[in-house]
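Peer 1: Turn this into a structure:
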Amino acid sequence: MPDPDPIDGDVYVSPRYLAGSTFTGDPALAPLLALGWDLHHDEDGNAYLTAPDRKVRLGFLPEGDDDGLWRINAYQDRFGPPAWGVSFNDSCPTEFVTAFTTALAQAYQDGPDHYLAPPDPKDPELAAFGAVVPLINRGWKIQHPRWGVLELQTPDGMAGLECTTGRLDPERELTTLQARWYMWGGPKNGHARWYATASTNTPIPLVKAITLSVSDPAPLPRWKDDMMRGLREYARLTPITPPPPRVPTPLDVQRTAPRRPPALTTRSVPRWSTTTTPSAALPAGRSGPRR
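Peer 2: Residues are numbered from 1 along each chain as shown. The predicted structure is shown next:
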């Protein structure tokens, strides 16, 4: 019987923040499409999803103006500026986007108090710490403190998170990398590096969905030949299907032959007989005391 859910790849990549993109948006779009969100495309092949209440919009932009492949905005007023925005670039592992859209789908079902809920205004920094806890619990290290920035990195230095405190420009948060949350992974130079941003009022559970996925120790499946060379050099690749055991050659058999235990041999065991044995025909020894 064929496997109903075959693994899409020939290697497992670990750590997962070095897996790179799968170059397909379908898995990340699926949670929102399942809720009946409206989907349409433009003439360039970009895809747009809109929530039924028109207060959340997603763009999958392979033909966009920059490397921001995914852009998700939410609105208190459908005709006003975004209340919050999240973006992922074209090198980001698709699983991180899927984790976010899955959490967004649940928040949307729960209502505006969830998908439009800003961090606690009384102590926004303490509320934000809830999204950082998964990283600390999984071994990410707090870096040398910088004024106004909480920074964590993985022990190998190949992924990190920056959370900026204080007041930020709302427009720059939505149009640049100078957002409240900035996550990255991969080599510092080259196209293999990915990033994700989230603006100030992004609900903390949605940010936490990203940090949980990024720091998950489980590897991700990939096709080795489709991975960027810059990632293959740093990641650990494990074949999904282990190679079959090697068939021993005649030389291998010859080398192991002397190590074989000796074969058991048979020996005759005398049966009971009335025939006098040779030892019985010999004269009996003297049994008396010696002089």
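Peer 1: The nearest residue to Ser14 once chain neighbours are set aside: what's it in contact with?
Peer 2: Leaving aside its chain neighbours, Ser14 sits nearest to Pro219 (3.9 Å; criterion: Cβ to Cβ, 6 or more residues apart in numbering). Bear in mind the C-beta positions are built from the backbone N, C-alpha and C, glycine included. Applying Cβ atoms under 8 Å, 6 or more residues apart in numbering to Pro219 gives the contacts 12-16, 19, 236, 238.
Peer 1: Same check on Leu152?
Peer 2: 132, 135-136, 140-143, 160-161.
Peer 1: okay if I get the residues you listed as TSV plus pLDDT, distance to Leu212 and secondary structure?
Peer 2: What follows is the contacts of Leu152, written out as TSV (pLDDT from 0 to 100; distance: Cβ to Cβ, whole Å; DSSP: H, G, I helix; E, B strand; the rest coil):
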residue	pLDDT	distance to Leu212	secondary structure
Val132	96	11	helix
Leu135	97	9	helix
Ile136	97	12	helix
Trp140	98	12	coil
Lys141	97	18	strand
Ile142	94	18	strand
Gln143	94	21	coil
Gly160	97	16	strand
Leu161	97	12	strand
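Peer 1: Quick one, which of these are buried?
Peer 2: 132, 135, 140, 160-161 (16 or more other Cβ atoms under 10 Å).
Peer 1: Mind telling me the two of these farthest from one another?
Peer 2: Distance extremes for those: the farthest pair is Val132 and Gly160 at 11.8 Å, using Cβ to Cβ.
Peer 1: For whichever strand or helix holds Ala196, what does the pLDDT average out to?
Peer 2: Taking DSSP states H and E as the definition, one finds Ala196 inside strand 194-198. Mean per-residue pLDDT for strand 194-198: 98.
Peer 1: Next SSE downstream of that strand?
Peer 2: helix 204-215.
Peer 1: and the strand holding Ala196, how far out from the chain's middle?
Peer 2: Taking Cα atoms, centre = their mean, to the nearest Å, the mean C-alpha location of strand 194-198 is offset from the chain mean by 16 Å.
Peer 1: ok, now stretch 189-208?
Peer 2: Stretch 189-208 sits 16 Å away from the centroid of its parent chain (Cα atoms, centre = their mean).
Peer 1: before we move on, what about stretch 84-103?
Peer 2: That offset, for stretch 84-103, works out to 13 Å (Cα atoms, centre = their mean).
Peer 1: ok, now stretch 28-38?
Peer 2: Relative to the chain's own centre, stretch 28-38 is displaced by 22 Å; criterion: Cα atoms, centre = their mean.
Peer 1: how about low-confidence regions in the stretch 151-291 of the chain?
Peer 2: Scanning the stretch 151-291 of the chain for pLDDT under 70 picks out the ranges 242-245, 247, 252-254, 256-291.
Peer 1: And the strands in it, which stretches?
Peer 2: 159-164, 181-185, 194-198, 220-222, 236-239 (DSSP state E, counting those that start in this stretch).
Peer 1: Give me the packing partners of the first one, helices and strands only.
Peer 2: Helices and strands touching strand 159-164, by 3 or more Cβ pairs under 8 Å, 6 or more residues apart in numbering; DSSP states H and E, are helix 124-137, strand 149-153, strand 181-185.
Peer 1: And the last one, by the same measure?
Peer 2: Judged by 3+ Cβ pairs under 8 Å, 6+ apart, the packing partners of strand 236-239 are strand 11-14.
Peer 1: what's the neighbour count on Pro27?
Peer 2: 15 (other Cβ atoms under 10 Å).
Peer 1: again with Trp181
Peer 2: Around Trp181 there are 23 residues (other Cβ under 10 Å).
Peer 1: Tell me the bridge partners for it.
Peer 2: Note on Trp181: beta-bridge partners by DSSP bridges are Cys163, Ala198.
Peer 1: cool, and Gly68?
Peer 2: Beta-bridge pairing of Gly68 under DSSP bridges involves Asn89.
Peer 1: how far away is it from Ala196?
Peer 2: When Cβ to Cβ, to the nearest Å is the yardstick, Gly68 and Ala196 sit 10 Å from each other.
Peer 1: who has more neighbours, the two?
Peer 2: Under the neighbour definition other Cβ under 10 Å, Gly68 and Ala196 were set side by side, and Ala196 has more, 25 against 17.
Peer 1: Turn the buried ones among the contacts of Leu152 into JSON lines, columns for distance to Pro203.
Peer 2: Formatted as JSON lines, those follow (distance: Cβ to Cβ, whole Å):
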{"residue": "Val132", "distance to Pro203": "15"}
{"residue": "Leu135", "distance to Pro203": "18"}
{"residue": "Trp140", "distance to Pro203": "22"}
{"residue": "Gly160", "distance to Pro203": "22"}
{"residue": "Leu161", "distance to Pro203": "17"}
